[in-house]
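> Sequence unavailable; structure follows:
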């Protein structure tokens with residue numbers, strides 16, 4: 001439990017402990033082997049129907065796939081997207097997404113999606129990703145490109161729509177079976 005926690009709530013498992021959030025923080029060793037990391041919801045219980053995420057398509061819709069730029073590695077004349085190394089931070093990717101010289105473009109987001117889709121299965125065995133975004137104008141094309149990149153690598157992608165960041169954490173913990181989450185947002 002960190003000092004920044006606003007409130008303690010009952011853990012929801014038989015340990016009787018408390019945690020800052022039922023689905024984000026594991027508070028007892030008894031739940032760790034049975035539940036995904038950061039989860040206190042016993043995973044043998046089915047979540048209520050109103051919490052069910054939209055059905056996963058496994059691939060982006062036609063509009064999402066067509067909106068995202070594609071890179072053809074077999075074409076030697078096609079230029080690679082230049083990545084600004086300053087966008088890569090310890091816990092996130094952050095940069096300017098609009099204006100005359102944006103650092104984050106759909107082409108960059110496509111490459112990030114492909115990189116994640118390659119890295120996650122190899123390092124964590126995760127083949128499922130939940131993707132959410134905020135309602136900023138730049139989020140929709142960036143999210144479409146990330147989804148296209150993830151789907152191009154064979155990942156099972158669930159677009160959970162315009163949501164708050166904690167919703168992505170919840171979806172990946174409660175429904176992910178070891179899955180990951182990507183949030184496209186301008187907040188920091």
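Nice, thanks for sending it over. Because the structure is a prediction, the values reported are computed rather than measured. Numbers count the residues shown, from 1 in each chain.

> following the longest helix seen in the chain, which helix or strand comes up?
Ranked by number of residues, the top helix in the chain under DSSP state H is helix 106-124. With elements assigned by DSSP states H and E, the helix or strand that comes after helix 106-124 is strand 128-133.

> packing partners for the longest helix of the chain?
Helices and strands touching helix 106-124, by 3 or more CB pairs under 8 Å, 6 or more residues apart in numbering; DSSP states H and E, are strand 128-133, helix 139-152, strand 180-184. All C-beta spots, glycine's among them, are computed from the backbone N, C-alpha and C.

> Give me the contact list for the last one.
Applying CB atoms under 8 Å, 6 or more residues apart in numbering, the contact partners of strand 180-184 are 109, 113, 116, 120, 124, 126, 128-134, 139, 142-143, 146, 150, 165, 168-169, 171-172.

> Return the members of these classed as buried.
109, 113, 116, 120, 126, 128-134, 139, 142-143, 146, 150, 168-169, 171-172 (16 or more other CB atoms under 10 Å).

> Please identify which of the helices and strands packed on helix 106-124 is closest to residue 86.
The closest of the helices and strands packed on helix 106-124 to residue 86 is helix 139-152. By CB to CB, the value is 17.2 Å.

> Give me the sheet partners of the next helix or strand after the closest one and which way each runs.
Counting by DSSP H and E, the next helix or strand C-terminal to helix 139-152 is strand 156-162. Sheet pairing of strand 156-162 (DSSP bridges) gives strand 128-133 (parallel).

> And the contacts of the strand it pairs with?
For strand 128-133, contacts defined as CB under 8 Å, 6+ apart pick out 53, 56, 116-117, 120, 139-140, 142-143, 146-147, 150, 155-163, 165, 167-168, 171-172, 175-185.

> now the angle from it to helix 106-124?
150 degrees (axes from the mean of the first three to the mean of the last three CA atoms, to 10 degrees).

> Give me the buried subset of the contacts of strand 128-133.
53, 56, 116-117, 120, 139-140, 142-143, 146-147, 150, 155-160, 162-163, 167-168, 171-172, 175-176, 179-185.

> what sits against residue 179?
Residues in contact with residue 179 (CB under 8 Å, 6+ apart) are 126-130, 156, 172.

> Kindly recompute the last result at 10 Å.
36, 56, 120, 124, 126-130, 155-158, 171-173 (CB atoms under 10 Å, 6 or more residues apart in numbering).

> Give me the nearest residue to it, chain neighbours excluded.
Counting by CB to CB, 6 or more residues apart in numbering, residue 179 lies nearest to residue 128, which is 3.5 Å off, once chain neighbours are set aside.

> Read off the pLDDT value for residue 48.
On the pLDDT scale, residue 48 is placed at 49.

> cool, and the one 4 residues further on?
Residue 52 carries a pLDDT score of 52 in this model.
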